[in-house]
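Asks: give me a 3D structure for the following:
(one chain, ligands or ions: 3)
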Amino acid sequence: MTDPEKKTLRVALLGCGTVGREVVRLIESQSDDLTARVGAELQIAGIAVRRGGRDRGVDPALLTTDAHGLAVRDDIDLVVEVVGGIEPARSWLVDALKAGKSVVSANKALLAEDGATLQEAAAAGGADLYYEAAVAGAIPILRPLRESLHGDRITRITGIVNGTTNYILSSMDSTGAGFNEALDEATELGYAEADPTADVEGFDAAAKAAILASLAFHTRVTAADVHREGITEVTAADVASARAMGCTVKLLCIAERHTDADGGESVSVRVHPAMLPRTHPLASVGDAFNAVFVEADAAGQLMFYGRGAGGAPTASAVLGDLVAVARNRLAGARATPESPYADLRIRPMAEARTRYHISLDVSDKAGVLAEVAAAFARQDVSISTVRQEGRGDDATLVAVTHTATDAALAATVEALRELPIVRNVVSVMRVEGGESK
Ligand SMILES: NC(=O)c1ccc[n+]([C@@H]2O[C@H](COP(=O)([O-])OP(=O)(O)OC[C@H]3O[C@@H](n4cnc5c(N)ncnc54)[C@H](O)[C@@H]3O)[C@@H](O)[C@H]2O)c1
Ligand SMILES: N[C@@H](CCO)C(=O)O
Ligand code: NA
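Replies: Numbers count the residues shown, from 1 in each chain. Ligands and ions are numbered 1, 2, ... in the order given. Model prediction:
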């Protein structure tokens, strides 16, 4: 147990990359203010790195390649993990928490895959586990969900939670660039990772969606429960088509609470590109910015906006958590643990209700429209608007549906592909934010 008279709290920093370096800089440059705010000095007692020998601008005497040994060391009070990945980070943090050290982590992959194991270890050790940096970087969103909105009933969260993909889609929208061109641009500007797979395939956003849904709905959602589609198939034609109907394309994470036919409740969580009306508050979130739109029964609509990526913004969230766990430690207190008491069923994507935008290359002949409309009707999918672009061999038919189950919409698209008068299904994209479900 921490000595209540102790006026120094010793911090183990695991990882000294983009975020870790900024954590060190902020702790050192704001040392006096942090001491005043916490009521004790926050002292970095050790920094775990993968390989020694490189100049990281930190005191070399603090460096160690034994992250586990540092995390469980007797003199350590608080552990900050900014390495990432599932293992070995999970083992380090479980052992640190069980040993009573409070943990601050930015590791969304780990929290989304196996947050339950970390929570159990925190309970066993009587320690805190905070991870504001894991979702939407600098934007305070987890603490508002965990604390400020705890008296309300959240019904839906819609977010742009990946900076890299938002940069790519914003660039495709404003310059008409193709996906690969925009990705090259994002890489050049240092937004995309050397391997951007987790970003462009939606894994990063899906992990964040699972964390948001778990906190918002007091239930357990893991990354595997999230329906995920990335943005690699989004074409310049999709973006132009969205523009023509007053929309923009965004990679959205959508977590919703539903009432089932038997009166029970369930949640659906999905990440996919979608067309969003330009009048929607999330449509104006450009560049590499993030935003999270929360809808709650009593509060109504709330929007959280800011920088979701980058060393300094992410370190800001880490420091906020560090101050919180340090204060708890001094007070001999522990934050109220998360409780997944609601234990809600996860709705499969097939049951989700969405709208589709479908663009078809068709033969421009009498009766085409009737055949296409019949294919929608057979699946009980109602068309909201339909327009034809071009004539003769170049005719494109663009249909936007009303809300229907994803299964019915997918079956409609399959049926359209089979129609001899449909030469090609050019683009299929969900449309969000316009019509109540
Ligand atoms: N960079 C961002 O914008 C951002 C935003 C939010 C959350 N995060 C999360 O923060 C964490 C760190 O991200 P980053 O961008 O700083 O990554 P990074 O790759 O720049 O840094 C990670 C560091 O961990 C080190 N490391 C790897 N294995 C190690 C080991 N066994 N022992 C000690 N050190 C080891 C690496 O050498 C590297 O320096 C990740 O979980 C990431 O998802 C990053
Ligand atoms: N690669 C992530 C970093 C922040 O989690 C992004 O682009 O949003
Ligand atoms: Na955050």
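
Asks: tell me which element Gly306 falls in.
Replies: Per DSSP states H and E: Gly306 is located in strand 300-307.

Asks: direction included, what does that strand pair against?
Replies: strand 289-296 (antiparallel) (DSSP bridges).

Asks: the strand holding Gly306: which residues count as buried?
Replies: For strand 300-307, a neighbour-count test (16 or more other CB atoms under 10 Å) marks Leu302, Phe304, Tyr305, Gly306, Arg307 as buried. All C-beta atoms are positioned from the backbone trio N, CA, C, and that covers glycine.

Asks: so which of the residues you listed reach ligand 2?
Replies: Counting by CB under 6 Å from any ligand atom, the subset of the buried residues of strand 300-307 that neighbours ligand 2 is empty.

Asks: need the contact list for Pro140.
Replies: Glu132, Phe304, Ala317, Gly320 (CB atoms under 8 Å, 6 or more residues apart in numbering).

Asks: repeat for Met245
Replies: Met275, His357, Thr385, Val398, Val400.

Asks: looking at those residues, which is nearest ligand 3?
Replies: Met275 (26.5 Å; CB to the ion).

Asks: which one is the closest one nearest to, not counting chain neighbours?
Replies: Cys247 (4.0 Å; CB to CB, 6 or more residues apart in numbering).

Asks: would you agree that neighbour is in contact with Pro273?
Replies: No. Using CB atoms under 8 Å, Cys247 makes no contact with Pro273, being 11.5 Å away.

Asks: contacting residues around Gly46?
Replies: Here Gly46 is in contact with Ala12, Leu13, Leu62, Leu63, Thr64, Leu70, Arg73, Ile76 (CB under 8 Å, 6+ apart).

Asks: related to what we said a few turns ago, and the following helix or strand past the strand holding Gly306, what's buried?
Replies: Note on strand 300-307: by DSSP H and E, the next helix or strand toward the C-terminus is helix 311-331. By 16+ other CB under 10 Å, the buried positions in helix 311-331 come out as 311-330.

Asks: select from the contacts of Met245 the one having the most neighbours.
Replies: Using other CB atoms under 10 Å as the neighbour test, these are led by Met275, with 27 neighbours.

Asks: now do whichever strand or helix holds Met172 against helix 311-331, angle only.
Replies: Using DSSP H and E, Met172 sits in helix 163-175. Taking axes from the mean of the first three to the mean of the last three CA atoms, to 10 degrees, one finds that helix 163-175 is oriented at 150 degrees with respect to helix 311-331.

Asks: which residue does the stretch 251-400 of the chain bring closest to ligand 2?
Replies: Of all residues in the stretch 251-400 of the chain, the one sitting closest to ligand 2 is Ala309 (3.7 Å; CB to the nearest ligand atom).

Asks: what does the stretch 1-150 of the chain give?
Replies: For the stretch 1-150 of the chain, CB to the nearest ligand atom, closest residue to ligand 2: Gly137, 5.6 Å.
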